[in-house]
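[1] Build me a structure from this.
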Amino acid sequence: MPRAKRPLAEVDRNAIPSKSARTSSRGKPGGKEEKEDGGRRVEQKATSKPSTYIKNKFRNSVIRRPNSKYFAQSEPVEEDTPDEDRSPALRQEVFDYDTKDDSKLRAFLVDRDMPTEGTREELITRLKNSSIDYESLLATELSEILSRRHVTGAASGTRDIKIQRIRLNDKIDHDTGDSHATILYVRREIWGQSIAEMETKLQSLSENPYTEMTPAQLAKRLQKQNLSTTGSKEAMARRLFNHEKKDLTKTLKVRKEQMQENEAEMESYIGHPVERIGVSRERKESDEDARIQQEMWASRQKAVPVCDYNWKDSHWADRTERQLSEICSRRGMPGYGPKAAMLKWLDTGKIDYQDMYMGGLTRICHERGIVYKESDKKIELVRRLTEADEAAESG
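    From the prediction side, this is the model:
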């Protein structure tokens, strides 16, 4: 029986399409599709666009779909996937954008890969129509957020600690990574304290405190102020008192003028009146962040050893770690770890994954082709290796 000259796909509709019937561009923008028209192949410009991007009204930026870690709702998104296949809603961090400075609003937008241009009202609207889930970010992405905000030890600590420190920093109204905004806040706090102290001291000068000094003590004080030391004791005390009160009043006036200029600059820079600033809140959150860092470093110092094997009676005990490393490498020890782990393997021929360093566990995963993440902790690497061993034994 002679074979059919046309492809089987044209005979059976359920057959797999032939390569000639597939598009040559695979749906890429600007590619070409091949269609059959009366036995001829006609090349047409492909008009399909990738469905992973959504048009954004904010210039040429891209908004990602709801199942990504960044999600903006500036336009309604329609998906064809069934309700049961949709991913669960991400956790939304709660912010009070109305109390934040413009610098902090822009920092929030940078964290979400969104445009930072526009008026204060546009920034707040953009943020309220979007959300971010810190729980879905990688440890490296969390470190980048802390680093942009100039938080000390941004790369240190566990993932949960980084999230906790970011949420503490979120409560501060200005961007701690903006040096100019930080200078304005520091000036306002320091100058505000000095003004309060000078006002208190000026009130205490209602009575002359120098009347009880001896003439020698008064003369010494007057010399320091480049004042005349002539006259009676009462005249010298009155002269010193009037000079100090006049000098304090003049200094207080200058400081208040500087404070007004600083507040005017702040209002134009931060985007809202100065009266809404809470200096005590910033100090409170900074103190809490310092406490978390102190506990983190203290827990590191009290960390248990990687391997608790008692190697004092081992006949390899007099070897250095470098010598033990060379011996274990020649004998085929998997991974690597501290001196106790190497001695344990040499004495017993066995070693637990918990006894090794993180670098040794990642090297074993790489050699055995076990997939792992860079953000995996030691306990997660141990679990992956243990599951791989159990699967190999059962198989």
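
[2] CA atoms for contacts and neighbours, from now on please.
    Fine.

[3] for this protein, which helix is longest?
    The longest helix of the chain (DSSP state H) is helix 233-270.

[4] Against which helices or strands is it packed?
    In terms of contacts (3 or more C-alpha pairs under 8 Å, 6 or more residues apart in numbering; DSSP states H and E), helix 233-270 is packed against helix 102-111, helix 179-204, helix 215-224.

[5] Which strands and helices lie in contact with the first one?
    The contact analysis (3+ C-alpha pairs under 8 Å, 6+ apart) places helix 102-111 against helix 120-128, helix 233-270.

[6] out of those, which comes closest to residue 296?
    The minimum distance between residue 296 and these falls on helix 120-128, with 32.2 Å, by C-alpha to C-alpha.

[7] mean confidence score for the closest one?
    Confidence over helix 120-128, taken as the mean pLDDT, stands at 92.

[8] Dump the helices and strands packed on helix 102-111 to CSV, plus mean neighbour count and distance to residue 106.
    Output for the helices and strands packed on helix 102-111, formatted as CSV (neighbours: other C-alpha atoms under 10 Å; distance: least, C-alpha to C-alpha, whole Å):
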stretch, mean neighbour count, distance to residue 106
helix 120-128, 17, 7
helix 233-270, 16, 11
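
[9] now those as TSV including distance to residue 94?
    What follows is these, written out as TSV (distance: least, C-alpha to C-alpha, whole Å):
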stretch	distance to residue 94
helix 120-128	10
helix 233-270	21
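
[10] So which of those helices is nearest residue 319?
    For the helices and strands packed on helix 102-111, distance to residue 319 was read as C-alpha to C-alpha. The smallest value, 61.1 Å, belongs to helix 120-128.

[11] residue ranges of the strands in the protein, please?
    Using DSSP state E, the strands of the chain run over residues 32-37, 40-45, 70-72, 130-132.

[12] Worst mean pLDDT among these?
    Mean pLDDT is lowest for strand 70-72 among these, at a mean of 41.

[13] contacting residues for residue 328?
    Taking C-alpha atoms under 8 Å, 6 or more residues apart in numbering as the definition of contact, the neighbours of residue 328 are 342, 346.

[14] Roughly how far does it sit from residue 319?
    For residue 328, the distance to residue 319 (C-alpha to C-alpha, to the nearest Å) stands at 12 Å.

[15] residues near residue 211, how many?
    By other C-alpha atoms under 10 Å, 16 other residues sit near residue 211.

[16] Let me know the pLDDT of the closest residue to it other than its chain neighbours.
    Leaving aside its sequence neighbours, residue 211 sits nearest to residue 237 (C-alpha to C-alpha, 6 or more residues apart in numbering; 5.7 Å). Each residue has a pLDDT score; the one for residue 237 is 89.
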